[in-house]
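Engineer: take this sequence and fold it.
(one chain, ligands or ions: 3)
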Amino acid sequence: MSDKLTFIVNGERIDLMDFSPTQTLLSFLRNQRALTGSKEGCAEGDCGACTVIVGELENGSIRYRAINACITFLPMLHNKLVITVEGIAGPQAELHPVQQAIIDHHGSQCGFCTPGFVTSLTAAHLSGEQPDRAGINDILAGNLCRCTGYGPLISAGEQALAQASPDWQKARQKKSEKLLQDIASDQACIFQCEGQRWDMPVSLSELAQLYKQYPEAILVAGASDIGLWVTKQLRQLPHLIDVTRVAKLCEIDEQDESLCIGAGVRYQDAMEIIAALYPDFGELVRRIGGRQVRNTGTIGANIANGSPIGDTPPALIALGAQLVLRCGSKTRSMPLEDYFISYGRQDRAKGEFVEAIEIPKLDDPDQLKCYKLSKRFDQDISSLCGCFNIEVAKGKVIAARIAYGGMAGIPQRAQAVEQALIGKPWSRAAIEAAMLAYGDDFSPLGDMRGSSDYRLLAASNLLLKVFEESRAPLVDTRLVGRGSALQ
Ligand SMILES: Cc1cc2nc3c(=O)[nH]c(=O)nc-3n(C[C@H](O)[C@H](O)[C@H](O)COP(=O)(O)OP(=O)(O)OC[C@H]3O[C@@H](n4cnc5c(N)ncnc54)[C@H](O)[C@@H]3O)c2cc1C
Ligand code: FES
Ligand code: FES
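Structural biologist: Numbering: from 1, shown residues only. Ligands and ions are numbered 1, 2, ... in the order given. This next block holds a predicted model:
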């Protein structure tokens, strides 16, 4: 058991003891290391001004990810490396290709958001991504520029990402690999300071035992929700248990009939396989937050948090997914829709946690249709999200699973609509008749994201959209899985 947090910042090893485990990386960098290049714009993961690059060893080489330092807690960096905007240029102050390209294209206007753009693009460069323009938009979707500078920044991305790594970068990479190997450890950790505690178990049984013993502790995965409890709600979190070092929870297991995703798998890591098996669901995942949020956030927590507007539950319910829960050595599974009881209430006992989600495969991957309606296309929470798994044979609907987020206090199936469809012809008249059943299924609330009337009308119109698109498929605008080198 270790109580020392070890990580690397811009090539320098850092060992910490007696630190607050809910101190954010951004606060540490700016206040304790005087690395003030990373800015605080929103402190809630939305603007990307605080973007830094985190690297960790995966199969012997470094996997780089852009993340938001403002909602990343220090323990989440254990055994990893951090590169801030100050650590991007070469040892003789040579500019990195990304920095040079931003100068060449006049991509820096106010300068406040520029470090975040540089780090997001550099993370993509270090990862060897070679995206097209749409792919660069995706890389930058989590970075806000309010001064209309996107055109030059995207052009800078095109220039930089087409260039090879300079020799000094390759040498630095080798050094970084060595540094990471030196600090690698598979020991469990407990970080404690002034009444706060952060447990970091490394096996499933340790995690299960700990949570059973301390059911009042808060489980933490990517902290893309919990980070805001600290930075926005100023909550004191006395005891956290980190699930992300448990190898079993970070596995994706594809079988002939199903896909099983561990609760600690990050969105970005699950996206490719989800897109391959259920293309529309892959695109839905791509529209969760920006790249920085997807690089930390997990599907397990998107389910566990019970949010009525989480984006993955409607798709998973439409697919007929089973949720696997564990308490101690006992596991149980249930259809995902049964987990959500009412607003803020889920079928999860004390000391029980989400272990995995099992998703059946479809014979026709395009049978699942997902639509997310939000005020902004990227990096926005859904006003509503509708997912449709409708099977038609010989011109008749033979099965239908339809689920929505944003239409009730929980993610919920449209059972009256399903019943109105099953056995009927797949025709415009039958669809219009089924649309009348939405009022039986839902009486949504109105809020800043959409009025009750808007939600009801939009939800039923989505069914019509599914029908119309089945007759005249639209141009495919999905990004993941169409070879645009999104990673
Ligand atoms: C800028 C921004 C944009 C976002 N955009 C979207 C969006 O477009 N769509 C969307 O759906 N969400 C969005 N979110 C919300 C958030 O990213 C998701 O809810 C995400 O799935 C949370 O995952 P996490 O691993 O970061 O959770 P954490 O913050 O670590 O935890 C969230 C909750 O889940 C619990 N938990 C974690 N793991 C487990 C487990 N294994 N078992 C039981 N409980 C567990 C925690 O205790 C906590 O209550 C956004 C968030 C931010 C900051
Ligand atoms: S400060 Fe805005 S995302 Fe971190
Ligand atoms: S460069 Fe800062 S807002 Fe555009």
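Engineer: so who does the residue of the stretch 251-400 of the chain found nearest ligand 2 touch?
Structural biologist: Of all residues in the stretch 251-400 of the chain, residue 292 sits closest to ligand 2, at 7.1 Å by C-beta to the nearest ligand atom. All C-beta spots, glycine's among them, are computed from the backbone N, C-alpha and C. By C-beta atoms under 8 Å, 6 or more residues apart in numbering, the residues touching residue 292 are 45, 48, 51, 66-68, 120, 142.
Engineer: could you redo the last one with a cut-off of 7 Å?
Structural biologist: 45, 48, 51, 66-68, 142 (C-beta atoms under 7 Å, 6 or more residues apart in numbering).
Engineer: so which of those is the closest to residue 262?
Structural biologist: Minimum distance to residue 262 across the contacts of residue 292 is 19.8 Å, recorded for residue 67 (C-beta to C-beta).
Engineer: which residues touch the closest one?
Structural biologist: So residue 67 contacts 52, 54, 292, 295-296 (C-beta under 7 Å, 6+ apart).
Engineer: closest one of those residues to residue 32?
Structural biologist: Using C-beta to C-beta, the contacts of residue 67 come closest to residue 32 at residue 52, 14.5 Å.
Engineer: where along the stretch 51-200 of the chain do the helices fall?
Structural biologist: Ranges of helices within the stretch 51-200 of the chain are 97-104, 114-126, 133-140, 150-161, 167-183, based on DSSP state H, counting those that start in this stretch.
Engineer: the longest one: which residues count as buried?
Structural biologist: Within helix 167-183, the residues that qualify as buried are 169, 172-173, 176-177, 179-180, 183, counting by 16 or more other C-beta atoms under 10 Å.
Engineer: any chance of those residues in TSV, with pLDDT too?
Structural biologist: Converted to TSV, the buried residues of helix 167-183 look like this (pLDDT from 0 to 100):
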residue	pLDDT
169	97
172	97
173	96
176	97
177	97
179	97
180	98
183	97
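Engineer: which pair in those residues spans the largest distance?
Structural biologist: 169 and 183 (21.1 Å).
Engineer: from the chain's centre, how far out does stretch 346-364 sit?
Structural biologist: Between the mean C-alpha point of stretch 346-364 and the mean C-alpha point of its chain there is a distance of 17 Å (C-alpha atoms, centre = their mean, to the nearest Å).
Engineer: and it, does that touch ligand 1?
Structural biologist: Yes: Stretch 346-364 reaches ligand 1 (C-beta under 6 Å from any ligand atom) through 353-354.
Engineer: tell me the average confidence for that stretch?
Structural biologist: For stretch 346-364, mean pLDDT is 97.
Engineer: send me that stretch as PDB with only the CA atoms.
Structural biologist: Below are the C-alpha coordinates for stretch 346-364, written out as PDB (Å, rounded to 0.1, in the frame of the first residue of the first chain):
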ATOM      1  CA  GLN A 346     -31.900   3.900  -8.600                       C
ATOM      2  CA  ASP A 347     -32.000   0.200  -7.800                       C
ATOM      3  CA  ARG A 348     -28.600   0.100  -6.200                       C
ATOM      4  CA  ALA A 349     -28.100  -1.100  -2.600                       C
ATOM      5  CA  LYS A 350     -25.600   0.300  -0.100                       C
ATOM      6  CA  GLY A 351     -22.000  -0.800  -1.000                       C
ATOM      7  CA  GLU A 352     -23.100  -1.900  -4.500                       C
ATOM      8  CA  PHE A 353     -21.500  -0.500  -7.600                       C
ATOM      9  CA  VAL A 354     -21.800  -0.800 -11.400                       C
ATOM     10  CA  GLU A 355     -19.400  -3.400 -12.700                       C
ATOM     11  CA  ALA A 356     -20.300  -3.600 -16.400                       C
ATOM     12  CA  ILE A 357     -22.900  -3.200 -19.100                       C
ATOM     13  CA  GLU A 358     -23.700  -6.000 -21.400                       C
ATOM     14  CA  ILE A 359     -25.100  -5.100 -24.800                       C
ATOM     15  CA  PRO A 360     -26.600  -7.600 -27.200                       C
ATOM     16  CA  LYS A 361     -25.400  -7.300 -30.800                       C
ATOM     17  CA  LEU A 362     -27.800  -6.500 -33.700                       C
ATOM     18  CA  ASP A 363     -28.100  -8.500 -36.900                       C
ATOM     19  CA  ASP A 364     -28.300  -5.100 -38.700                       C
END
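Engineer: among the helices of the stretch 51-200 of the chain, which is nearest residue 303?
Structural biologist: helix 133-140 (24.1 Å).
Engineer: mind listing what's buried in the closest one?
Structural biologist: 135-140.
Engineer: what is the nearest of those residues to residue 316?
Structural biologist: The closest of the buried residues of helix 133-140, once distances to residue 316 are taken by C-beta to C-beta, is residue 138, at 22.7 Å.
Engineer: so that closest one makes contact with residue 479?
Structural biologist: Yes: counting by C-beta atoms under 7 Å, residue 479 is a contact partner of residue 138 at 6.0 Å.
Engineer: surely residue 450 meets residue 381?
Structural biologist: No: using C-beta under 7 Å, residue 450 is not in contact with residue 381; the gap is 11.2 Å.
Engineer: of those two, which one has the most company?
Structural biologist: residue 450 (21 against 18; other C-beta atoms under 10 Å).
Engineer: phi, psi for the more buried one please.
Structural biologist: Dihedral pair for residue 450: phi 170, psi 140, per degrees, to the nearest 10.
Engineer: centre of the chain to the helix or strand containing residue 8, how far?
Structural biologist: Secondary structure from DSSP states H and E places residue 8 in strand 5-9. Distance of strand 5-9 from the chain centroid (C-alpha atoms, centre = their mean) equals 24 Å.
Engineer: follow-up on the earlier one: wait, which of the buried residues of helix 133-140 is closest to ligand 2?
Structural biologist: Nearest to ligand 2 among these, with distances taken as C-beta to the nearest ligand atom, is residue 140, at 13.1 Å.
Engineer: now that closest one. Nearest residue, chain neighbours left out?
Structural biologist: In space, and not counting its chain neighbours, residue 140 is closest to residue 120: 5.9 Å by C-beta to C-beta, 6 or more residues apart in numbering.
Engineer: is it correct that that neighbour is in contact with residue 51?
Structural biologist: Yes: contact criterion C-beta under 7 Å: residue 120 and residue 51 qualify, at 5.2 Å.
Engineer: who touches both of those two?
Structural biologist: In contact with both residue 120 and residue 51: 66, 143, using C-beta under 7 Å, 6+ apart.
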